[in-house]
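Novice: Give me a 3D structure for the following:
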Amino acid sequence: MIHPTAEVERGAQVGADTRIWHFVHVRTGARIGANCTIGYNAFVDRDVVIGDNVKLQNRVSLFRGVTLEDGVFVGPHTTFTNDTYPRSITPDGRLLDHDDWPAVPTLVRYGASIGAAAVIIAGVTIGRWAMVGAGAVVTHDVPDYGLVIGRPARLTGYVCECGQPLSYDTGAWTCPECGKTYDLPPLNEASR
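Specialist: Predicted coordinates:
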């Protein structure tokens, strides 16, 4: 389902059962998997890759160089950057265009979740099942199952695949909700 107000450019690929809502813009070369939801006014730049079962909330901006693996959730108003040293013009004043610089790749791994209004700086990898808190600014890689919050984002713990924060006791990380245990490093070792 593609809403009539959405613009999906020729050359973009959209998988089966994906829903694209009001005023979304999907650029040529973008690849969106099956069974995704792309929320109101989202922007998916050229050559962005989105896996299956991904949910983008309203006003998410994904710029060239971003890859979201299967099962990723991105909260509203989240922005992914793609240039670590951005400029509008060359030193001689000529306007730069998309062919004048390579996009810095960013990867969000399987099942990760990103909270509302987060900013993801170009070049990071967010690990499998990781969780980024609302409003965080992610400037470094996030480990699998890592929970990061703040500006800049800092590792404060880990989360279960069910989404609940894990508790650390007697050398193991355990989910208080479902009881699953994980073999993850203590925080002081993980943040080195």
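
Novice: where does the chain have low pLDDT?
Specialist: Across the chain, the ranges flagged by pLDDT under 70 are 189-192.

Novice: Helices of that one, start to end?
Specialist: For the chain, the helices defined by DSSP state H cover 187-190.

Novice: So which residue is smack in the middle of it?
Specialist: Centroid-nearest residue in the chain: Val108, 5.1 Å away (criterion: C-alpha atoms, centre = their mean).

Novice: Pretty sure that residue sits against Ile126.
Specialist: Yes - using C-beta atoms under 8 Å, Val108 is in contact with Ile126, at 4.6 Å. (Each C-beta comes from the backbone N, C-alpha and C, glycine too.)

Novice: Check the contact lists of these two and give me the overlap.
Specialist: When contacts are counted by C-beta atoms under 8 Å, 6 or more residues apart in numbering, the set common to Val108 and Ile126 consists of 114, 120.

Novice: In contact with the residue nearest to the centre of the chain: list those residues for me.
Specialist: Here Val108 is in contact with 66-69, 72, 74, 114, 120, 125-126 (criterion: C-beta under 8 Å, 6+ apart).

Novice: Just give me the closest of the residues you listed to Leu96.
Specialist: The closest of the contacts of Val108 to Leu96 turns out to be Val66 (C-beta to C-beta; 19.4 Å).

Novice: So what pairs up with the closest one in the strands?
Specialist: Applying DSSP bridges to Val66 gives these bridge partners: Thr106.

Novice: follow-up on the earlier one: now for the contacts of Val108, which pair is the farthest apart?
Specialist: Maximum distance among the contacts of Val108 (C-beta to C-beta): 15.2 Å, for Val74 and Thr125.

Novice: Who has more neighbours out of the two?
Specialist: The neighbour count for Val74 versus Thr125, taken as other C-beta atoms under 10 Å, is higher for Val74 (30 against 18).

Novice: Touching, Ala130 and Ala112? I think so.
Specialist: Yes - between Ala130 and Ala112 there is a contact under C-beta under 8 Å: 4.6 Å.

Novice: quick one: contacts for the nearest residue to Cys178 once chain neighbours are set aside?
Specialist: In space, and not counting its chain neighbours, Cys178 is closest to Cys162: 5.1 Å by C-beta to C-beta, 6 or more residues apart in numbering. Counting by C-beta under 8 Å, 6+ apart, Cys162 makes contact with 175, 177-178, 180.

Novice: do you know how far Cys162 is from Pro176?
Specialist: Cys162 sits 10 Å away from Pro176, taking C-beta to C-beta, to the nearest Å as the criterion.

Novice: Also Phe43?
Specialist: Counting by C-beta to C-beta, the gap from Phe43 to Pro176 is 38 Å.

Novice: More neighbours: which of those two?
Specialist: Higher neighbour count among Phe43 and Pro176: Phe43, with 19 against 10, using other C-beta under 10 Å.

Novice: Show me what the more buried one is bridged to.
Specialist: His25, Ser61.

Novice: these two touch, right, it and Ser61?
Specialist: Yes - look at Phe43 against Ser61 with C-beta under 8 Å: they come within range, at 4.8 Å.
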